[in-house]
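Q: How does the following fold in three dimensions:
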Amino acid sequence: MSSVPAASNPGAAYPAAGSHGGAMDHNEVRLRLTQQQASAWTSPIQNSSSPNIAAASLGGPHLQQTLGQSSQYGSGSRLISPPVSPLPGVQTPRSTSSGQYFPSQYNDQSPYSGQASQPTSPNQYGIPHQGRAERGATNIFHPRTEWRMKWPNTYQLPGISRAMNNRRHRDVMQRAKDFPSEDYYLSPYDGHLAKLFVQTTQEIYDANPNSTWRRTYIRNQSPLILQVANWVLYSLPADGREAEGQDIAMMGLKWIPACVAILFLMIYPVQASGEVRNGGKYDQLPYKFWGYPYHARNPLEEKTQASNTSHGLVRSSPSGDPQNGDLSRNTLNPISERPVEPKYLCFLRETQGADTHEVSHWKKQNNVDATYILVSYTSEQFRTEEEQLFLHDVGEYAARAAGVRAYWVGCSCLGKTKEEQENNVWRISDVVRGARSLIIALSSPDGPAESAYDTTELLRQWGTRVWTLPEVLLIPSNSDINVYARNASMDEPMVVHKRNFATVWGDASISRELIDHYEGNLILSSLELVTIALRCLHNRQKGFTFQTDTAFQAFARLSLANDNDLLLERLICVLPKTLHQPWYEMEDQWGVSLWDIAPTTQVCGIADEDTVIIDGAYAAPIRWKAFATVANLTKDSWRRFFFRYLFRSTSYFFIVGISLVSSGAATGDTPLKAIGAILLVIALCFILASPYIIRILYTGKIWGTQAWFFGFEGYLDIGVIEEHIFGSDMGHLKWSTNGSPLSMHKMNEYGECIGQDPTLNPETAAKVKNAVTAQMGEERIWTLVDTYTLTVTLFEAVRPPTAVVLCGEEGGMQRALLCSYDWASQTLFRESVLRMETLILEQIQRAGRLRVGLRRT
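A: Here you go, the predicted model:
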């Protein structure tokens with residue numbers, strides 16, 4: 001992160017005081033972070049020395065005094081100049097890349113009136129930049145505050161309660177326990193199921209409770225010694241005004257108490273920098289799936305049957321023979337062994353009529369091939385046995401006219417039992433492929449006498465049936481399809497050519513592509529074929545209903561065994577365009593096609609409730625209850641080196657000086673008293689300058705950080721976020737340029753891509769406002785802070801996601817699923833999908849098998 005020289009361009013970055021150029025290898029950063037882990041608990045000043053891990057107290061940018069931009073607030077405008085830093089290294093609020101300066105201090109109002117405090121000036125779209133409006137520890141006096149012994153000590157109860165039914169959960173450490181129906185997450189410390197606490201912005205914290213999770217306020221987790229220094233220096237105005245007499249007087253009143261506090265903090269060992277965890281890596285997601293898959297990719301992983309046990313030992317066995325109709329629910333792919341011919345056909349008699357026979361038996365008796373046509377119909381038009389007699393009449397008529405020996409019709413040839421019928425459904429596509437031709441039978445749903453429908457209208461109604469798609473696509477090329485209506489003569493059927501059949505369907509624009517593909521006129525890739533076919537299939541809502549599998553399970557079941565293009569793996573990486581977008585539409589909010597996503601995981605099974613089991617994903621937890629002090633690595637500067645060693649000696653100068661003065665006074669030794677007085681003066685000078693010196697010691701570039709994912713509900717100005725984590729706004733955190741659909745970026749005068757505050761977009765600003773009063777089931781605004789890449793991302797989700805799961809890559813970025821945890825079913829449900837830098841793969845760890853759901857109900 002090298003500095004960019006300040007320029008007259010308002011969007012240019014400003015140089016950080018005490019920064020150095022050059023670069024450092026990430027492995028070196030990780031090694032040096034690890035080497036300092038043993039010395040994390042030391043004197044704060046000692047711990048800030050380089051190459052030690054210094055507390056992330058990063059001083060403010062030197063804003064140019066000549067900058068000034070007109071900013072629009074409401075109906076009036078005023079010229080606001082960025083504030084002049086009163087002291088070198090003293091933080092001043094960040095200006096935006098567009099040149100607008102947003103003050104971040106709120107006016108004091110009634111703190112618990114149910115309304116959030118108002119800022120002195122919001123941004124141009126009405127979203128306050130909530131600098132010091134976060135009331136912090138004063139929220140303990142909030143009327144809805146609850147107390148507990150564990151961290152966080154104060155919180156608010158959920159505003160929406162659930163039925164308190166206890167459910168069992170087994171964690172990664174094999175601890176099984178019943179829990180009430182509340183929101184929980186997997187604690188990365190020891191893997192136990194912990195109650196979910198979500199830190200929120202002040203506006204949301206003061207609003208009416210509207211969540212099922214507990215809420216707490218945002219705490220400043222920067223080093224305590226830096227907070228003391230900031231307490232003094234923040235007395236200066238933060239809204240661009242020059243410091244007035246009352247501001248300087250207030251700073252003077254705070255100065256002496258702060259100096260005394262810093263003196264004691266120097267003597268008492270405190271943790272000035274955060275803990276180095278996992279060698280600098282993200283925490284590992286402590287998850288383990290203990291259940292069985294509904295359908296497994298490998299049959300040895302199927303649910304154990306009672307007949308598969310011997311002497312108490314589990315013995316797995318493959319499923320039955322699909323050709324003989326022995327297709328249990330445990331069969332992953334019932335069409336992996338494709339049938340050569342239908343199991344049943346209606347064979348023509350010599351003169352009139354037809355009989356249903358099993359094909360294999362009929363062939364043995366007659367020693368000839370069973371040629372046949374296929375009769376297509378919809379049960380909505382043929383409901384009764386009397387109406388279905390017409391199907392046999394038209395089948396017999398068409399078969400004799402085509403010169404074949406039999407016909408296939410669903411009402412008689414699917415099987416005699418429900419189980420056999422469902423199993424034979426998987427063979428319909430092969431039945432269609434083997435047919436000589438296809439005919440369609442139509443009838444009015446109200447009967448022929450009362451029918452007001454013409455043949456074309458009845459044919460469109462037939463086209464809403466799901467099986468009409470494969471029936472038309474899989475018949476021989478260049479075929480004519482005869483359409484027989486019950487109220488019309490069989491001698492003059494309507495004839496529709498296969499190439500023109502798309503006009504019958506309501507989705508002719510996409511179904512025509514499928515017809516052209518099967519006719520050989522347009523060759524689609526396998527992914528394009530499956531994607532278009534799914535859209536067409538689900539445009540036809542009527543058809544066979546599965547007794548055991550849902551539509552998603554049926555699709556996933558076939559995809560696992562027959563798809564070499566990892567369609568399921570790509571599907572879970574898609575960010576739906578709308579909250580209620582069906583899974584089969586596969587439209588991505590990022591505007592990319594399914595084949596543009598390269599999966600990095602494997603779906604190894606299908607679970608209940610339309611979920612899948614994936615393996616090989618990288619995953620990490622998100623910390624919601626509070627920020628944490630982040631361990632970081634800085635490099636030395638001459639100024640920091642000089643002040644560090646002098647300031648480190650201040651306490652010794654003070655103690656030795658008092659001792660010498662006391663000894664000199666007792667013995668009458670004037671030179672001794674003089675030396676002691678000089679040491680005391682030196683010590684007092686450094687003590688009085690300690691708030692300023694602390695800022696110098698904590699100023700500098702960050703060369704490496706402990707990797708964390710922090711989250712909070714709502715929106716905050718990025719400078720305020722950095723103050724709460726690192727101690728001051730030095731511009732190290734940056735908005736993600738394209739990590740979320742809400743992200744924004746802009747090219748500066750040097751042609752560089754600069755992330756911008758998402759609330760500069762009026763639509764995003766409106767979403768931030770509406771999210772304060774959002775109800776359950778509606779999308780809210782959340783913020784994710786990645787301390788490794790130092791990026792901040794604003795995104796939408798219904799619930800707070802507790803885990804980041806990397807499942808694929810696209811466009812040079814990682815597809816990161818943000819998942820909430822349904823602990824009762826051990827399912828990670830996709831709440832949103834972000835794009836993250838591939839660099840995080842260096843610091844994130846693989847997880848075991850994860851059960852993932854596309855949408856939580």
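
Q: Would you map the helices across the stretch 401-550 of the chain?
A: Taking DSSP state H, counting those that start in this stretch, the helices of the stretch 401-550 of the chain run over residues 410-413, 418-425, 428-434, 455-462, 468-473, 508-519, 526-539.

Q: Would you mind giving those helices as TSV with distance to residue 676 added?
A: Where you see a C-beta, it was placed from the backbone N, CA and C, and this is true even at glycine. Converted to TSV, these look like this (distance: least, C-beta to C-beta, whole Å):
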stretch	distance to residue 676
helix 410-413	106
helix 418-425	97
helix 428-434	98
helix 455-462	103
helix 468-473	96
helix 508-519	91
helix 526-539	83
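
Q: quick one: the residue nearest to residue 176 when sequence neighbours are not counted and residue 413, what's the gap?
A: Sequence neighbours aside, residue 170 is the residue nearest to residue 176 in space, at 4.4 Å (criterion: C-beta to C-beta, 6 or more residues apart in numbering). Distance of residue 170 to residue 413, given as C-beta to C-beta, to the nearest Å: 47 Å.

Q: More neighbours: which of the two?
A: Applying other C-beta atoms under 10 Å to residue 170 and residue 413 shows that residue 413 carries more neighbours, namely 22 against 16.

Q: For the closest residue to that one other than its chain neighbours, list each beta-bridge partner.
A: Of all residues not flanking residue 413 in the chain, residue 344 sits nearest, at 4.2 Å (C-beta to C-beta, 6+ apart). With DSSP bridges as the criterion, residue 344 is bridged to residue 358.

Q: what's around residue 344, how many residues?
A: What residue 344 shows, counting by other C-beta under 10 Å, is a neighbour count of 21.

Q: again, but for residue 219
A: 19.

Q: show me what contacts residue 488?
A: Going by C-beta atoms under 8 Å, 6 or more residues apart in numbering, residue 488 touches residue 455.

Q: Look up how far residue 407 lies from it.
A: Using C-beta to C-beta, one gets 19 Å for the distance from residue 488 to residue 407.

Q: go on, residue 202?
A: Residue 202 is 74 Å from residue 407, by C-beta to C-beta.

Q: One more: residue 728?
A: Applying C-beta to C-beta, the value for residue 728 to residue 407 is 82 Å.

Q: Then residue 365?
A: Using C-beta to C-beta, residue 365 is found at 19 Å from residue 407.

Q: Those two: who's more crowded?
A: Neighbour comparison, residue 365 and residue 407: the larger count goes to residue 407, with 30 against 8 (by other C-beta under 10 Å).

Q: for the stretch 451-600 of the chain, what spans make up the strands?
A: Under the criterion DSSP state E, counting those that start in this stretch, the stretch 451-600 of the chain contains strands at 480-485, 494-497, 598-599.

Q: May I see the buried residues of the second one?
A: When you say that, I think you mean strand 494-497. If you call a residue buried by 16 or more other C-beta atoms under 10 Å, then strand 494-497 has these buried ones: residue 496.

Q: which residues are contacting it?
A: Contacts of strand 494-497 (C-beta under 8 Å, 6+ apart): 455, 459, 478, 479, 480, 481, 482, 483, 485, 504.

Q: Next one, pLDDT for the last one please.
A: Per-residue confidence (pLDDT) for residue 504: 83.

Q: With adjacent residues omitted, what lies nearest to it?
A: Closest to residue 504 by C-beta to C-beta, 6+ apart is residue 463, at 5.0 Å.

Q: and the one you found, how many neighbours?
A: Neighbours of residue 463 under the rule other C-beta under 10 Å: 23.

Q: Please apply the same query to the one 5 residues further on.
A: Residue 468 is flanked by 25 other residues according to other C-beta under 10 Å.

Q: do the same with residue 749
A: Neighbour count of residue 749, defined by other C-beta under 10 Å: 11.

Q: Pull up the gap between it and residue 770, please.
A: Residue 749 is 35 Å from residue 770, by C-beta to C-beta.

Q: What segments of the stretch 101-250 of the chain are helices?
A: 202-206, 224-233, 245-267.

Q: For residue 712, list the residues it contacts.
A: 198, 199, 200, 201, 218, 624, 782, 783.

Q: and it, that's in a helix?
A: No - under DSSP: H, G, I helix; E, B strand; the rest coil, residue 712 falls outside any helix and is assigned strand.

Q: Dig out what the closest residue to it other than its chain neighbours forms beta bridges with.
A: Computed as C-beta to C-beta, 6+ apart, the closest residue to residue 712 that is not its neighbour in sequence is residue 199, at 4.6 Å. Beta-bridge pairing of residue 199 under DSSP bridges involves residue 216.

Q: And residue 199, how far from residue 141?
A: In terms of C-beta to C-beta, residue 199 sits 18 Å off from residue 141.

Q: In terms of neighbours, single out the busier of these two.
A: Neighbours per residue (other C-beta under 10 Å) separate residue 199 from residue 141, with residue 199 holding more: 26 against 11.

Q: Confirm for me that that one is in contact with residue 721.
A: No - using C-beta atoms under 8 Å as the test, residue 199 is too far from residue 721 to be in contact (11.4 Å).

Q: What is the burial count for residue 359?
A: By other C-beta under 10 Å, the residues close to residue 359 number 21.

Q: nope, residue 750 is what I was after
A: Using other C-beta under 10 Å as the criterion, residue 750 is surrounded by 12 other residues.

Q: Using the three-state scheme, assign it.
A: The three-state label given to residue 750 by three-state DSSP is coil.

Q: cool, and the one 5 residues further on?
A: Counting by three-state DSSP, the backbone at residue 755 sits in strand.

Q: And it, how far from residue 511?
A: 43 Å.

Q: For the two, work out which one has more neighbours and name it.
A: Using other C-beta under 10 Å, the more surrounded residue of residue 755 and residue 511 is residue 511, with 26 against 21.

Q: quick one: contacts for that one?
A: Counting by C-beta under 8 Å, 6+ apart, residue 511 touches 469, 502, 505, 536.

Q: Show the model's pLDDT score for it.
A: Looking at residue 511, its pLDDT stands at 86.

Q: same question, residue 16
A: 34.

Q: does residue 356 sit in a helix or strand, and which one?
A: Using DSSP states H and E, residue 356 maps to strand 354-358.

Q: ok, and for that strand, which residues are buried?
A: So strand 354-358, judged by 16+ other C-beta under 10 Å, has buried residues 354, 357.

Q: and that strand, what does it pack onto?
A: In terms of contacts (3 or more C-beta pairs under 8 Å, 6 or more residues apart in numbering; DSSP states H and E), strand 354-358 is packed against strand 344-348, helix 385-402.

Q: Could you rerun that using 7 Å?
A: For strand 354-358, the packing partners by 3 or more C-beta pairs under 7 Å, 6 or more residues apart in numbering; DSSP states H and E come out as strand 344-348.

Q: and for the strand it packs on, what are the contacting residues?
A: Contacts with strand 344-348, where a contact means C-beta atoms under 7 Å, 6 or more residues apart in numbering, come from 354-359, 362, 370, 372, 392, 395-396, 399-400, 405-409, 412-413, 415.

Q: can you do 10 Å?
A: Under the criterion C-beta atoms under 10 Å, 6 or more residues apart in numbering, residues 353-359, 362, 366, 370-372, 375, 391-392, 395-396, 399-400, 404-409, 411-416, 420, 424, 431 lie in contact with strand 344-348.

Q: now it: mean pLDDT?
A: Strand 344-348 comes out at a mean pLDDT of 94.

Q: residue contacts, the closest residue to residue 592 other than its chain neighbours?
A: Leaving aside its chain neighbours, residue 592 sits nearest to residue 810 (6.0 Å; criterion: C-beta to C-beta, 6+ apart). Applying C-beta under 10 Å, 6+ apart to residue 810 gives the contacts 570, 573, 574, 588, 590, 592, 593, 596, 597, 598, 599, 835.

Q: Turn those residues into a markdown table, columns for distance to residue 278, neighbour count and pLDDT.
A: Formatted as a markdown table, those follow (distance: C-beta to C-beta, whole Å; neighbours: other C-beta atoms under 10 Å; pLDDT from 0 to 100):
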| residue | distance to residue 278 | neighbour count | pLDDT |
| --- | --- | --- | --- |
| 570 | 30 | 26 | 92 |
| 573 | 26 | 27 | 95 |
| 574 | 31 | 24 | 95 |
| 588 | 33 | 21 | 92 |
| 590 | 31 | 19 | 91 |
| 592 | 33 | 15 | 90 |
| 593 | 37 | 14 | 86 |
| 596 | 33 | 15 | 91 |
| 597 | 29 | 24 | 94 |
| 598 | 27 | 14 | 94 |
| 599 | 26 | 23 | 95 |
| 835 | 24 | 22 | 97 |
